[in-house]
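Chemist: Fold the stuff below for me.
(chains A and B)
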Protein chains: 2
Amino acid sequence: MYKVALDVMGGDYAPGEIVYGAYLAAREYHVQVILVGPQDILEKEVELYKNWPENSYCIINASEVVGMSESPSVSFRKKKRSSIRVGLGLVKDKMAEAFVSAGNTGAVMAASTLILGKLPDIERPAIATVLPSKNNPVVMLDVGSNVDCKASYLNQFASMGHCMAQAVLRINNPRVGLLNIGEEVEKGNALTQKAFELIKDQPINFVGNVEGKDILSGAVDVAVCDGFVGNALLKFGEGAADLFFDFFKNESKSSKRSLLGLMLLKKSLKKFKKRFDHEEYGGAPLLGINGVSIVAHGSSSAVAVKNAVRNAIRAVENNMVYRIEGAIHR
Amino acid sequence: MYKVALDVMGGDYAPGEIVYGAYLAAREYHVQVILVGPQDILEKEVELYKNWPENSYCIINASEVVGMSESPSVSFRKKKRSSIRVGLGLVKDKMAEAFVSAGNTGAVMAASTLILGKLPDIERPAIATVLPSKNNPVVMLDVGSNVDCKASYLNQFASMGHCMAQAVLRINNPRVGLLNIGEEVEKGNALTQKAFELIKDQPINFVGNVEGKDILSGAVDVAVCDGFVGNALLKFGEGAADLFFDFFKNESKSSKRSLLGLMLLKKSLKKFKKRFDHEEYGGAPLLGINGVSIVAHGSSSAVAVKNAVRNAIRAVENNMVYRIEGAIHR
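Modeler: Numbers count the residues shown, from 1 in each chain, chains lettered A, B, ... in the order given. Next up, the predicted model:
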């Protein structure tokens, strides 16, 4: 039975959706979810669900909560009994094999690095996300805090993305691409040109430079970029989806024909949203940390939480951390 | 009557769509289109249209053609009689007020810089594009060749984008934003942090940092970024649109209900494509050049060409170049 510590106080819909997600995970996977948060709140929340499998959860009291916009370093220093610190402490002390939080990403990243430590030789831990594409989910990294990268960081991101795709997405020989503007070898800025030279010598399936549209067409399994570009792309993609749905909503207000069309497409639209929704992918592991720590989206629903627990289990059972360590030492 | 030199041999659908676009422009605007390309081809093409207004076109012979993937520098050196060089020569010699091409962007950029020259004190010319958003078209720059930028370049891009939005989009006091990852002042990488400090002191309507989704929601009129990020975003956006249409096409194959829904939405979908299509915006001026030189998309249709000619006229009548010169000297 896997043991996953879950930050019950992290996320926009905490604690309700988080505990419900824990319940869904407990019903579906061979897991004990360690619910970390204020004892009194948790005792009430778990009572709402009647069919917890035996031993599928336990409660660990953590009296403090880190807000979504609190400073990562200040919250770490001041809130020693926060659900983030207590949860990660359980992983550090081998009482849990993984930690999952939908809370403040920066705070989880900082606390994970400080409590679990970086893996040897890792220059910068990274946050990966899983994007939908026409054919397959695609790991994109970094989408986090590494906004000024050296080529050697991108080279390590390529290794870590490779290991994550193997462990969490269970792709045997993932195709790794370097996000660039143009596919020719000599294309790009100074950073990507140098990174290309490093990555091409790695014993991974490096398919070379790829463009933004190649990510979404599924031409790769892993796309490597610096955190500034990765984050900008993610948000631009969100904006594009908003734009699209907004347009058709307005259309259906002004034309009955369009309204009827939209109604008939309702099922397809739902399917689209489901397929292209981050919730399905259930949160992204922090890569380069000495342990499994997974950050789910702040707006995670119970299903997203359940899927994040699933990803934690996969990362543990497929030895993601060990793989990364090996890849970096190679 | 404005005089616009048009590269008839540039673009995927040259010369047919280009000459047809010239005809449409001649019918709609007070313009003389100077068709630049091989005399014999052009004479045949113009004969296809019977109602050219008086004096609305003339032909200037240019016997050579620059291919879409030719090296900009090599083509410039070797093809002295290319439609690009001849057309820009007309602007240089004051025989035309603007140049428009749907040809090889790199070649037009290089030839424009070499023939017309940069404006004084401009560090790097830029290519802007016009993106759709929920509310208004948005100028984004650079989307071109400046993949490694200094903060001072971004600062000049902000000025140039401001002037282009005024001249071509006819927005009186355009809102200028710096593309970043997070809206707070201290956010971003080293480049955007430095650029923020420079741009905020300019006498323009600087609204601060904006994210990718803010561009598409229409929170700004001008978005400033380096050419690597701009280009990556554009291509990611293309990929997102492809993904969307592809999904619904597949849905309509597997469900009659969805097929019917899509059929009812046909008009709306067309409207969407029209509104969010680069063709409507008709090409982007090269900014920082001592003259008006406009690059339209390689896949430009006649309507796109017509709109590019319209943008050329607007840039001329609203003194875009003069405005930029003034803004940089300020």
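
Chemist: Lowest-scoring secondary structure element of chain A by mean pLDDT?
Modeler: Comparing every helix and strand of chain A by mean pLDDT, DSSP states H and E singles out helix A:266-275 as the least confident one, with a mean of 76.

Chemist: Let me know the next secondary structure element after that helix.
Modeler: Sequence order places strand A:284-287 as the next helix or strand after helix A:266-275, per DSSP states H and E.

Chemist: Remind me what that next one packs against, helices and strands.
Modeler: Applying 3 or more CB pairs under 8 Å, 6 or more residues apart in numbering or on different chains; DSSP states H and E, we find strand A:284-287 packed against helix A:105-116, strand A:126-131, helix A:151-167, strand A:292-295, helix A:302-317. For glycine as for every other residue, the C-beta is placed from the backbone atoms N, C-alpha and C.

Chemist: Which stretches in chain A count as strands?
Modeler: For chain A, applying DSSP state E gives strands covering A:2-7, A:31-37, A:57-61, A:98-101, A:126-131, A:138-141, A:175-179, A:205-210, A:222-224, A:284-287, A:292-295.

Chemist: For those, give me CSV that also has mean pLDDT and distance to B:K274.
Modeler: Rendered in CSV, the data for those read as follows (pLDDT from 0 to 100; distance: least, CB to CB, whole Å):
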stretch, mean pLDDT, distance to B:K274
strand A:2-7, 97, 47
strand A:31-37, 98, 51
strand A:57-61, 97, 54
strand A:98-101, 97, 44
strand A:126-131, 90, 28
strand A:138-141, 94, 30
strand A:175-179, 97, 30
strand A:205-210, 96, 30
strand A:222-224, 97, 31
strand A:284-287, 90, 37
strand A:292-295, 94, 40
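
Chemist: which stretch among the ones you listed comes nearest B:N55?
Modeler: Ranking the strands of chain A by distance to B:N55, with CB to CB as the measure, places strand A:205-210 first at 49.1 Å.

Chemist: Let me see the contact set for A:K271.
Modeler: Contacts of A:K271 were listed using CB atoms under 8 Å, 6 or more residues apart in numbering or on different chains, and they are B:E251.

Chemist: Can I get the strands of chain A in CSV including mean neighbour count?
Modeler: Formatted as CSV, the entries for the strands of chain A read as follows, by neighbours: other CB atoms under 10 Å in any protein chain shown:
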stretch, mean neighbour count
strand A:2-7, 27
strand A:31-37, 27
strand A:57-61, 18
strand A:98-101, 32
strand A:126-131, 24
strand A:138-141, 27
strand A:175-179, 26
strand A:205-210, 20
strand A:222-224, 32
strand A:284-287, 27
strand A:292-295, 28
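
Chemist: Include distance to B:P72 when you put those strands into a markdown table, please.
Modeler: What follows is these, written out as a markdown table (distance: least, CB to CB, whole Å):
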| stretch | distance to B:P72 |
| --- | --- |
| strand A:2-7 | 54 |
| strand A:31-37 | 58 |
| strand A:57-61 | 63 |
| strand A:98-101 | 50 |
| strand A:126-131 | 34 |
| strand A:138-141 | 32 |
| strand A:175-179 | 24 |
| strand A:205-210 | 20 |
| strand A:222-224 | 28 |
| strand A:284-287 | 40 |
| strand A:292-295 | 44 |
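
Chemist: Show me the one of those that comes nearest A:Q156.
Modeler: Taking CB to CB, strand A:126-131 is the member of those nearest to A:Q156, at 7.9 Å.

Chemist: Take the closest one, keep the C-alpha atoms, and write them as CSV.
Modeler: Only the C-alpha atoms of strand A:126-131 are listed here, as CSV (Å, rounded to 0.1, in the frame of the first residue of the first chain):
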residue,chain,number,x,y,z
ALA,A,126,11.9,22.4,-12.3
ILE,A,127,8.2,22.3,-12.6
ALA,A,128,6.8,20.3,-15.4
THR,A,129,3.2,20.4,-16.7
VAL,A,130,1.4,18.0,-18.9
LEU,A,131,-0.3,19.5,-21.9
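
Chemist: returning to what we had before: buried ones in the least confident helix or strand of chain A?
Modeler: Along helix A:266-275, the positions that meet the burial threshold by neighbour count (16 or more other CB atoms under 10 Å in any protein chain shown) are A:268-269, A:272.

Chemist: export that helix as PDB, just CAs?
Modeler: This file holds the C-alpha atoms of helix A:266-275, laid out as PDB (Å, rounded to 0.1, in the frame of the first residue of the first chain):
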ATOM      1  CA  LYS A 266     -22.700  20.100 -26.000                       C
ATOM      2  CA  LYS A 267     -21.400  16.600 -25.500                       C
ATOM      3  CA  SER A 268     -18.500  17.200 -27.800                       C
ATOM      4  CA  LEU A 269     -17.600  20.400 -26.100                       C
ATOM      5  CA  LYS A 270     -17.600  18.700 -22.700                       C
ATOM      6  CA  LYS A 271     -15.400  16.000 -24.200                       C
ATOM      7  CA  PHE A 272     -13.100  18.700 -25.500                       C
ATOM      8  CA  LYS A 273     -12.900  20.400 -22.100                       C
ATOM      9  CA  LYS A 274     -12.300  17.100 -20.400                       C
ATOM     10  CA  ARG A 275      -9.600  16.200 -22.800                       C
END
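
Chemist: quick one: it to chain centroid distance?
Modeler: Using CA atoms, centre = their mean, to the nearest Å, the distance from the centre of helix A:266-275 to the centre of the chain it belongs to is 22 Å.

Chemist: just for the stretch 201-330 of chain A, where's the confidence low?
Modeler: Along the stretch 201-330 of chain A, the parts satisfying pLDDT under 70 run over A:275-280.

Chemist: can you pull the contacts of A:Q32?
Modeler: Contact criterion CB under 8 Å, 6+ apart gives A:1-4, A:26, A:55-58 as the residues in contact with A:Q32.

Chemist: got it, and A:K118?
Modeler: Applying CB under 8 Å, 6+ apart, we find A:K118 in contact with A:125, A:288-290.
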